[in-house]
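Novice: This is a predicted model, with the sequence first.
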Amino acid sequence: MEEFVLDTGNTAWMLASSALVLLMTPGLAFFYGGMVRGKSVLNMMMMSFGAMGLIAPIWFLYGYSGAFGTDIGGIIGNPFEFFGSNNLDDATSFVSAVGLPVLVFIGFQATFAIITVALISGSVADRMKFSSWLVFAAVWVTFVYIPMAHMVWGGGLLGADGITSSIATPIDFAGGTVVHINAGVAGLVLAILLGRRKGFGKEPMRPHNLPFVMLGAALLWFGWFGFNAGSELAADGTAGRAWVNTTAAAAIAMIAWLATEKVRDGHATSLGAASGIVAGLVAITPAAAAVDTVGALAIGIIAGILCALAVGLKYKYGYDDSLDVVGVHLVGGLTGTVLIGLFAHVGDNVNGTWIPDGAMNGLFYGGGVNQLLAQIIVALFAVVFSGVLTFVIGSIIKATMGLRISQDDEVSGIDLVTHGETAYETLGTSRNFGEA
Amino acid sequence: MKLVTAVIQPHRLDDVKAALEAAGIRGMTVSEASGYGRQRGHTEVYRGAEYTVDLVPKVRVEVLVEDEAAGTVADVVVQAAQTGKIGDGKVWVVPVDDVVRVRTGEHGPGAL
């Protein structure tokens, strides 16, 4: 019988990390909420809060078990094995190696599922039925997120013994495929199924509150330390490596985005700064502990430039990914995931880099093309998997309960019509005391 | 009685208010307004999407005065609001049939 030895330092850090990552979702609500028009800010924020309400219970009931339970066909874990967060055994869980009680790990992972779903909401701003959003969130996390988390982190097809095992073990430290490519593709598919907002490309749809966007970006950066440094699952040098790389990439990506738009549009904007920070955070996520600081800076610069250019694609191709889930999360996630193939650096432990068994140095660090190939394969697999399943789920909801509010309601504003509220006080509000 | 209405640059409001007070005007109504004349607007770019802002922020100052004071008030406003650049605004004077003080119900010049 194995014995479980609690590591209080690691456990304390992971409890704190879990709280940090949970805070990212309200942070995202501000980031997104500031970017929409004043008549739909509450709905925008409610999609994030709604994800917190729905996904946490799902995760505690069967989500963790589905992602980290005993493997079924490389696709999913047994969802009934730890149903209701029961039948847990600290001694046999794989986080016992770092002295972490498995319940702490369940809590930490719940916050990832929550924010991944919330990220998708950026593409459907102003026009998606709230009931359909909640149904989509619950079904999507069940059939897309949980299997993806299992395939990458739970010992499935995209892990060490998966489809790339003869080439190299793919690296996804904190969720480039599971979180960002996954949410980015889902956002694209959902935006296409929903159709464009009324007036897209013709009427002005400028962000109504840029200070909210800056506040959201600040909260996301803060919470991301739990996301990336916490993904080490221990309070050690590798967590420090992830912390430094996370900040390096976010910082330089902000500068890269600002430089790009200064050249293209003539101004370095606050929205560009907030967007660049998030693009850098997204791109460094899969690589956080797998590259050295120079690699992190390179990933940040490339992601900042690519994402700043990618947010214009929706006008060119005519899909209304309203708040650029594709331009930031899909492009940023792909950038980070693929660039690991160039910059992965199997360091000594002094350096604090973390590379899973079977992974190799990147092309620029003398490891050849194997790691690059493995990264491209898992990225493409994630794109196809998320794209196909999101299309099926979205199409079924569209055919049954419908995805969209009416055009009239969209004009009036989804806050008023769907939630019966408006974010900002207007003249002429009187109190109804009711007929006794 | 006359109503003097001025649409001015927002940053001139404090000077206009001070000048009117110095000229003995004891009350005014100020509201935020948007508009353009020869000035036209500017462009803003959000994540690469360019918007033209045609209507630029202005402040509207309204002052009710007796007939003989209207010319002076208009001149005071113009002097205080002027920067010499396009976009300084306009001042106009229109006749007013009656004015009523809400608190007392009195009509005419006594209500000013």
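Specialist: Alright, I've got the coordinates. Numbering: from 1, shown residues only, chains lettered A, B, ... in the order given.
Novice: What segments of chain B are helices?
Specialist: Secondary structure of chain B (DSSP state H): helices located at B:13-22, B:70-81.
Novice: which of the residues in the first one are buried?
Specialist: Within helix B:13-22, the residues that count as buried by 16 or more other C-beta atoms under 10 Å in any protein chain shown are B:13, B:16-17, B:19-20. Yep, even glycine has a C-beta here, placed from its N, CA and C like the rest.
Novice: do the same with stretch A:98-110
Specialist: For stretch A:98-110, the neighbour count (16+ other C-beta under 10 Å) marks A:98-102, A:104-110 as buried.
Novice: which residues does the residue lying closest to A:Leu373 once chain neighbours are set aside contact?
Specialist: Among residues not flanking A:Leu373 along the chain, A:Ile167 sits closest, at 5.3 Å (C-beta to C-beta, 6 or more residues apart in numbering or on different chains). Applying C-beta atoms under 8 Å, 6 or more residues apart in numbering or on different chains to A:Ile167 gives the contacts A:370, A:373-374, A:377.
Novice: follow-up on the earlier one: for chain A, find the nearest of the helices of chain B.
Specialist: With respect to chain A, and counting by C-beta to the nearest C-beta, the nearest of those is helix B:13-22 at 21.4 Å.
Novice: just to revisit the earlier point, any chance of the helices of chain B in a markdown table, with mean pLDDT and distance to chain A too?
Specialist: Formatted as a markdown table, those follow (pLDDT from 0 to 100; distance: least, C-beta to the nearest C-beta, whole Å):
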| stretch | mean pLDDT | distance to chain A |
| --- | --- | --- |
| helix B:13-22 | 95 | 21 |
| helix B:70-81 | 95 | 27 |
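Novice: want to try CSV for the ones you listed, with distance to A:Pro286 as columns?
Specialist: Formatted as CSV, these follow (distance: least, C-beta to C-beta, whole Å):
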stretch, distance to A:Pro286
helix B:13-22, 53
helix B:70-81, 58
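Novice: quick one: least confident helix or strand in chain A?
Specialist: Least confident helix or strand, chain A: helix A:313-317 with a mean of 92, by mean pLDDT, DSSP states H and E.
Novice: Please give the centre-to-centre distance between the helix or strand just after that one and its chain.
Specialist: In the C-terminal direction, the helix or strand that comes right after helix A:313-317 (DSSP states H and E) is helix A:325. From the chain centre to the centre of helix A:325 is a distance of 10 Å (C-alpha atoms, centre = their mean, to the nearest Å).
Novice: counting contacts, what elements does helix A:325 pack onto?
Specialist: For helix A:325, the packing partners by 3 or more C-beta pairs under 8 Å, 6 or more residues apart in numbering or on different chains; DSSP states H and E come out as helix A:182-194.
Novice: And residue 11, what's its pLDDT?
Specialist: The chain I'm using is chain A. Note for A:Thr11: predicted pLDDT of 97.
Novice: Sorry, I should have been clearer: chain B.
Specialist: 94.
Novice: now it: how far from chain A?
Specialist: Noted for B:His11: a distance of 21 Å to chain A, by C-beta to the nearest C-beta, to the nearest Å.
Novice: Kindly report the same for B:Arg38.
Specialist: Distance, B:Arg38 to chain A, using C-beta to the nearest C-beta: 23 Å.
Novice: ok, now B:Arg40?
Specialist: Between B:Arg40 and chain A the computed distance is 16 Å (C-beta to the nearest C-beta).
Novice: Need the buried residues of helix B:13-22 in JSON lines (columns: distance to A:Val139).
Specialist: Shown next, in JSON lines, are those (distance: C-beta to C-beta, whole Å):
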{"residue": "B:Leu13", "distance to A:Val139": "55"}
{"residue": "B:Val16", "distance to A:Val139": "61"}
{"residue": "B:Lys17", "distance to A:Val139": "60"}
{"residue": "B:Ala19", "distance to A:Val139": "66"}
{"residue": "B:Leu20", "distance to A:Val139": "65"}
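Novice: check contacts around A:Asp126.
Specialist: A:Asp126 sits in contact with A:36-37, A:40, A:43-44, A:197, A:322, A:410, A:414, where contact means C-beta under 8 Å, 6+ apart.
Novice: And the strands in the chain?
Specialist: Reading this off chain A. Using DSSP state E, the strands of chain A run over A:71-72, A:76-77.
Novice: was after chain B, sorry
Specialist: In chain B, the segments counted as strands under DSSP E are B:2-8, B:29-35, B:42-46, B:49-53, B:56-65, B:89-95.
Novice: ok, and what's touching stretch B:5-16?
Specialist: Applying C-beta under 8 Å, 6+ apart, the contact partners of stretch B:5-16 are B:30, B:32-33, B:35, B:57-63, B:74, B:76-77, B:80-81, B:83, B:87-94.
Novice: Of those residues, select the buried ones using a PyMOL command.
Specialist: Those of the contacts of stretch B:5-16 that count as buried under 16+ other C-beta under 10 Å are selected in PyMOL with:
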select buried, chain B and resi 33+58+59+60+61+63+74+76+77+80+81+88+89+91+93
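Novice: Near chain B, which residues of the stretch 101-250 of chain A are found?
Specialist: Taking C-beta under 8 Å from any C-beta of the partner chain as the contact definition, the stretch 101-250 of chain A meets chain B at A:204-207.
Novice: How about stretch A:334-346, which residues are buried there?
Specialist: Neighbour-count burial for stretch A:334-346, with 16+ other C-beta under 10 Å as criterion, is recorded at A:334-346.
Novice: what do you get for stretch B:36-49?
Specialist: For stretch B:36-49, by 16+ other C-beta under 10 Å, it's B:44-49.
Novice: could you redo those residues as a markdown table and give each row pLDDT?
Specialist: Putting the buried residues of stretch B:36-49 into a markdown table (pLDDT from 0 to 100) gives the following:
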| residue | pLDDT |
| --- | --- |
| B:Glu44 | 88 |
| B:Val45 | 89 |
| B:Tyr46 | 90 |
| B:Arg47 | 90 |
| B:Gly48 | 84 |
| B:Ala49 | 87 |
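Novice: per-residue confidence at the closest residue to A:Trp224 other than its chain neighbours?
Specialist: Closest residue to A:Trp224 apart from its sequence neighbours, by C-beta to C-beta, 6+ apart: A:Leu281 at 4.9 Å. pLDDT, A:Leu281: 98.
Novice: just A:Gly195 next, same as before
Specialist: At A:Gly195, the model reports a pLDDT of 96.
Novice: so how many other residues sit close to it?
Specialist: By other C-beta atoms under 10 Å in any protein chain shown, the residues close to A:Gly195 number 14.
Novice: Disregarding residues adjacent in the polypeptide, which is nearest to the closest residue to chain B within the stretch 151-300 of chain A?
Specialist: Using C-beta to the nearest C-beta, the single residue of the stretch 151-300 of chain A nearest to chain B is A:Asp265, 4.2 Å away. Among residues not flanking A:Asp265 along the chain, B:Val45 sits closest, at 4.2 Å (C-beta to C-beta, 6+ apart).
Novice: List the buried residues for stretch A:217-226?
Specialist: A:217, A:219-221, A:223-226.
Novice: would you turn these into a markdown table with pLDDT?
Specialist: As requested, the buried residues of stretch A:217-226 are arranged in a markdown table below (pLDDT from 0 to 100):
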| residue | pLDDT |
| --- | --- |
| A:Ala217 | 98 |
| A:Leu219 | 98 |
| A:Leu220 | 98 |
| A:Trp221 | 98 |
| A:Gly223 | 98 |
| A:Trp224 | 98 |
| A:Phe225 | 98 |
| A:Gly226 | 98 |
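Novice: with those in mind, which one is nearest to A:Arg241?
Specialist: Nearest to A:Arg241 among the buried residues of stretch A:217-226, counting by C-beta to C-beta, is A:Phe225 at 12.4 Å.
Novice: Over to the nearest residue to B:Arg38 once chain neighbours are set aside: give its phi and psi.
Specialist: The shortest distance from B:Arg38 to any non-neighbouring residue, by C-beta to C-beta, 6+ apart, is to B:Ile86 (5.3 Å). Dihedral pair for B:Ile86: phi -60, psi 130, per degrees, to the nearest 10.
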